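A.B. asks: My questions concern the predicted model and sequence given below.
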Amino acid sequence: MTGYALRPCLTAVSPHAAIISLVTRRFSVPARLGLALLFFFALDALAFRTGWYVSILEPNSTAGFLETYLNIEARRPVGRYRQVVAVGDSRMGLKSRVANLLTGNTGCAFGTISVPGTTPRCWFYMLREIDPDCDRYDAILVPVDSYDDRSWENTADRDLDINYLAPLLRVVDLPRFVLSYPSWPNRAHAAEAVLFKGLVYQHDFQAFLEHPRTRLEYVRLQEEHARDWYYNAVWERHSLAGMSVDWQARTAVLPAWLGPEKRHEIEHALLDDPPPDSADYARYRRQWLGSILDRYHGSRTRFLFLRLPRGPVVRPDPQPPDASSSIRQFAASGRIELLPEHLFDSLERPELFGDALHVNEEGGYQFSIMLASEVGRVLASAPGSR
Amino acid sequence: MLFHTPQFFAFFAVVLVLFYTLPRPAARWILLAASYFFYMCWNAKFVLLILVLTAIDYTAAMWMRRLPAGHKRKAALVMSLAANLSFLGFFKYYNFLASNLAWVLARPLDAFALHIILPMGISFHTFQSMSYVIDVYRGEQEVITDVVDYALYIAFFPQLVAGPIVRARHFFADLYNWRAPDAREILRGALLVVFGLLKKLAIADQFARLADAFFRDPAANPGYLAAWSGVIAFSIQIFFDFSGYTDMAIGLAQILGFHFPENFRRPYLARSITEFWRRWHISLSTWLRDYLYIPLGGNRHGRWQTYRNLMLTMLLGGLWHGASWNFVIWGGYHGALLSVERLLGVRERQRWSLFDPLRVALTFALASISWVFFRAATLHDSLYILGRLFRGPHGHILWWHWQLWFVLAALLLAVLEESYGWFERLPEAPAWAYASAIAAVLFCLELIGFTGRAVPFVYFQF
């Protein structure tokens, strides 16, 4: 620096020359940084898009749980019977072991990819994974809690779906999957899951690093036994037998074996107001159930929708059916078939439920028998002839 | 707006585009506006403080320019230093002094306390402006006549909140001889930014969880192994946190065509505390040397004066970090160690000997012990933890195995950098090698970078 009258020489260098120099000099910046990104995505793809990491996922994590179900279903031998698979969440009471006891009569072999906590958005990607060519199944069973579009929850913004679906998402899913979330934070999270799977697996990976041997051993055990564990699983043996509800006073008498948390849960589910009609939920269902149906358009697969047993006791104030609901409209356009709405009303008894929403072992047994028989009967008839 | 958040990278991208595409005369204004905006994202009101200090120091220097050497010139210096130290003293030390006064007067400790928000980066930018004014007074620095240039020196966003403390002559040499960074510099800058992110998110924040858990309730993890692992976790956190921040600051500045001095040179490979201070927070230690230790007399007036000067410098250095007795003790501890090493004739050597790994381990242990005072909430906690380091049952190590392996890998990289300087060579290495290094860092960040709520940098509190 010389003298006091210093003039900044920031004016001396042309910005264009500066930028050009970055590109053309020996150490080409864009080329190197571009190559770095390419290498990074290659590493990421090698780890997370080849199935390697999925093979060591914690089986009890959300994604690991879903993968286990899909693996079991993928390995289920396809015989000469009609192939039927059920999607759904934890409320889907189909025990495929029980349903398959009737295969001789129904002519159907049942499998299930009903994973607790999943939603139609998950089912879309799960079915795409398990049945990429839309030619594996004669029928897909889609359970719903109501043929109307009633919900408390804004399912469209459920971020748990991202954790479930991380292994199944491809780069091409970016726009559809990301934009299916209404909120920006969840859109960002969804984009992360599509582009940077490592971010979604981060906790799982660090847990793996903490106990690698234990994880690998558990994964091996799952590989060997998961099918038996899940296929022969015994559900809740307790029942709500003895419960009663005073609808006037909005009080419930519940069995003594229930803990306070479970009690609260059941009272909340039974005694609170029923969910309202939800335009958001209708839109969500149209989008994702519609996408599933679009994928299978022109295939031999039939879609059978069923209303699940609603609970251990039924409210005395039934809401009138809404003819314009998404599911009823799908049925009216012939894209799906609805099993009779009241088919499972006879199962809505306390002795067949383990809590307010889920059938118990006995309920699952009876539900599976009824459902298998009905599905066998429906599939024996031509589509749309009922 | 922290360096490791997406918001900051969006901000930096905008600054970069504007800086390189708008006409050159606008460049300084863009950087200055960006710097004030960056600061105002934390607290808009406090930008006034920076403006006031900038005006005072600018005026003082301009004054000195017109005055011949003598009392009036000195008065301008004193006025400037007094203003800086008053602001720093009020915001940083008022409550500390008030609580001590209350203790002396046997009043409740908060009897004279005020609710004061510590302005972000005040310790750094006041030291920076003080160094400028002192250098002008000494005739070692030309007076900056353009107020925009001077304001940019004080507020330049890459170094505003946690340094490095850049000397005026370096900054203005860059500003007045600015040239577009060449490809090597850009590549080095990018490398520093991603490595800084790795240090912060993948190492510091991982160990922050361990250290926080330990220091929050030291009694919850009994045994000396637990104590050592908790303390070492903080040693690792603070180094990777601060040096990660500094790397990012240096890298960001380099991409903009500015060259900040090195602030850390693998301090945990130091073989003595003396060497440690030549490698740790170099911009602060050289500041303390040039503006405190040497003016106090340095080592020119005999052994005892030297020890006194070392102690004073380190005590004030400790106090610079924070207003509590813990920081004073931390500084005193380091001052004492430096004095002892001087007494024992410990010298820095270039070549490594067989016993040097042991010396490194000992120095690291001594430095880690000092961090107890730095991190513990109270003096009582510090003493409790120190006791736990050396007695009691063995307990268990708080780390996971993979964290140990990760630190060993970092140590190996540090040793290789010390021996071969691989980092500095990387921008000139074949494209595949450079790209692989960046890709590996990004992959590590993806897998073990902490993605919870952004953890603030440790040194932001100073």
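C.D. replies: Looks like it came in fine. Residues are numbered from 1 along each chain as shown, chains lettered A, B, ... in the order given.
A.B. asks: Please make it C-alpha for all contacts and neighbour counts, starting now.
C.D. replies: Will do.
A.B. asks: how about the helices in the stretch 351-462 of chain B?
C.D. replies: Per DSSP state H, counting those that start in this stretch, the stretch 351-462 of chain B carries helices over the ranges B:356-375, B:379-390, B:401-420, B:422-425, B:431-448.
A.B. asks: Could you find the closest non-adjacent residue to the residue of the stretch 251-400 of chain B found nearest chain A?
C.D. replies: For the stretch 251-400 of chain B, the nearest residue to chain A under the criterion Cα to the nearest Cα is B:Trp400, separated by 5.8 Å. In space, and not counting its chain neighbours, B:Trp400 is closest to A:Glu210: 5.8 Å by Cα to Cα, 6 or more residues apart in numbering or on different chains.
A.B. asks: The one you found and A:Asp204: what is the separation?
C.D. replies: Counting by Cα to Cα, to the nearest Å, the separation of A:Glu210 from A:Asp204 is 10 Å.
A.B. asks: Kindly report the same for B:Arg278.
C.D. replies: Taking Cα to Cα as the criterion, B:Arg278 is separated from A:Asp204 by 41 Å.
A.B. asks: do the same with A:Gly117
C.D. replies: 19 Å.
A.B. asks: These two: which is more packed in?
C.D. replies: Neighbours of A:Gly117 and A:Asp204, each counted by other Cα atoms under 10 Å in any protein chain shown, are more numerous for A:Asp204; the result is 19 against 14.
A.B. asks: That one sits in which helix or strand?
C.D. replies: helix A:197-210 (DSSP states H and E).
A.B. asks: Rounded mean pLDDT for the helix or strand following that helix, please.
C.D. replies: On the C-terminal side of helix A:197-210, the nearest following helix or strand under DSSP H and E is helix A:212-231. Along helix A:212-231, the predicted local confidence has a mean pLDDT of 90.
A.B. asks: Identify each buried residue in helix A:212-231, please.
C.D. replies: A:Arg215, A:Leu216, A:Tyr218, A:Val219, A:Gln222, A:Ala226, A:Arg227, A:Tyr231 (16 or more other Cα atoms under 10 Å in any protein chain shown).
A.B. asks: How about the contacts made by the nearest residue to the fifth one once chain neighbours are set aside?
C.D. replies: Taking Cα to Cα, 6+ apart as the measure, A:Gln222 lies nearest to A:Pro59, with 7.4 Å between them; neighbours along the chain are not counted. Under the criterion of Cα atoms under 8 Å, 6 or more residues apart in numbering or on different chains, the contact list for A:Pro59 reads A:Phe65, A:Glu67, A:Thr68, A:Tyr218, A:Val219, A:Gln222.
A.B. asks: likewise A:Leu240?
C.D. replies: A:Leu254, A:Pro255, A:Pro312, A:Pro350, A:Glu351, A:Leu352, A:Phe353, A:Gly354, A:Asp355.
A.B. asks: if we go to 7 Å?
C.D. replies: Applying Cα atoms under 7 Å, 6 or more residues apart in numbering or on different chains to A:Leu240 gives the contacts A:Pro255, A:Pro350, A:Glu351, A:Phe353, A:Gly354, A:Asp355.
A.B. asks: from these, which is closest to A:Val200?
C.D. replies: Compare each of these with A:Val200 using Cα to Cα and the shortest gap goes to A:Asp355, at 32.1 Å.
A.B. asks: Give me the pLDDT value at the closest one.
C.D. replies: With respect to pLDDT, A:Asp355 scores 89.
A.B. asks: Distance-wise, check it relative to chain B.
C.D. replies: With the distance defined as Cα to the nearest Cα, to the nearest Å, A:Asp355 ends up 35 Å from chain B.
A.B. asks: For burial, what's the neighbour tally of that residue?
C.D. replies: 21.
A.B. asks: isn't B:Ser235 right up against B:Ser370?
C.D. replies: No: counting by Cα atoms under 7 Å, no contact exists between B:Ser235 and B:Ser370, whose distance comes to 9.3 Å.
A.B. asks: Name the residue in these two with the higher neighbour count.
C.D. replies: B:Ser235 (27 against 23).
A.B. asks: Tell me how far the more buried one lies from B:Trp178.
C.D. replies: 38 Å.
A.B. asks: residues contacting A:Glu192?
C.D. replies: Counting by Cα under 7 Å, 6+ apart, A:Glu192 makes contact with A:Leu199.
A.B. asks: Quickly find the element holding it.
C.D. replies: Per DSSP H and E, A:Glu192 falls inside helix A:184-195.
A.B. asks: what about residue 382, how many neighbours?
C.D. replies: Using chain A here. Other residues lying near A:Ala382 total 8 when counted by other Cα under 10 Å.
A.B. asks: Switch to chain B, please.
C.D. replies: Quick note: B:Ser382 (other Cα under 10 Å) scores 22 neighbours.
A.B. asks: Measure how buried the residue in chain A that chain B sits nearest to is and give me the count.
C.D. replies: Of all residues in chain A, A:Ala36 sits closest to chain B, with a separation of 3.9 Å (Cα to the nearest Cα). Using other Cα under 10 Å as the criterion, A:Ala36 is surrounded by 24 other residues.
A.B. asks: Let me see the backbone angles for it.
C.D. replies: With angles defined as degrees, to the nearest 10, A:Ala36 sits at phi -60, psi -40.
A.B. asks: show me what contacts the closest residue to it other than its chain neighbours?
C.D. replies: For A:Ala36, the nearest residue in space outside its immediate sequence neighbours is B:Ala435; the separation is 3.9 Å by Cα to Cα, 6+ apart. Residues touching B:Ala435, when contacts are defined by Cα under 7 Å, 6+ apart, comprise A:Arg32, A:Leu33, A:Leu35, A:Ala36, A:Phe39.
A.B. asks: ok, so what distance separates the third one from A:Asp157?
C.D. replies: Distance, A:Leu35 to A:Asp157, by Cα to Cα: 36 Å.
A.B. asks: Also the fourth one?
C.D. replies: Relative to A:Asp157, A:Ala36 is positioned 34 Å away (criterion: Cα to Cα).
A.B. asks: Over to A:Val245?
C.D. replies: From A:Val245 over to A:Asp157 the distance is 34 Å, taken as Cα to Cα.
A.B. asks: now A:Pro320, what's its secondary structure?
C.D. replies: Secondary structure state of A:Pro320, per DSSP: H, G, I helix; E, B strand; the rest coil, is coil.
A.B. asks: what about it, how many neighbours?
C.D. replies: By other Cα under 10 Å, neighbour count at A:Pro320 equals 7.
A.B. asks: ok, it - contacts?
C.D. replies: Under the criterion of Cα under 7 Å, 6+ apart, A:Pro320 has no contact partners.
A.B. asks: cool, B:Ser436 as well?
C.D. replies: B:Ser436 makes contact with A:Ala36, A:Phe39, according to Cα under 7 Å, 6+ apart.
A.B. asks: do the same with B:Arg188
C.D. replies: B:Arg188 touches B:Gly251, B:Pro427, counting by Cα under 7 Å, 6+ apart.
A.B. asks: cool, and the one 3 residues further on?
C.D. replies: When contacts are counted by Cα under 7 Å, 6+ apart, B:Leu191 touches B:Ile438.
A.B. asks: host element of it?
C.D. replies: helix B:183-197.
A.B. asks: Distance of the nearest residue to A:Ala191 once chain neighbours are set aside relative to A:Phe124?
C.D. replies: Across the structure, with Cα to Cα, 6+ apart as the measure, the residue nearest A:Ala191 apart from its sequence neighbours is A:Val178 (5.8 Å). In this structure, A:Val178 and A:Phe124 are 14 Å apart, going by Cα to Cα.
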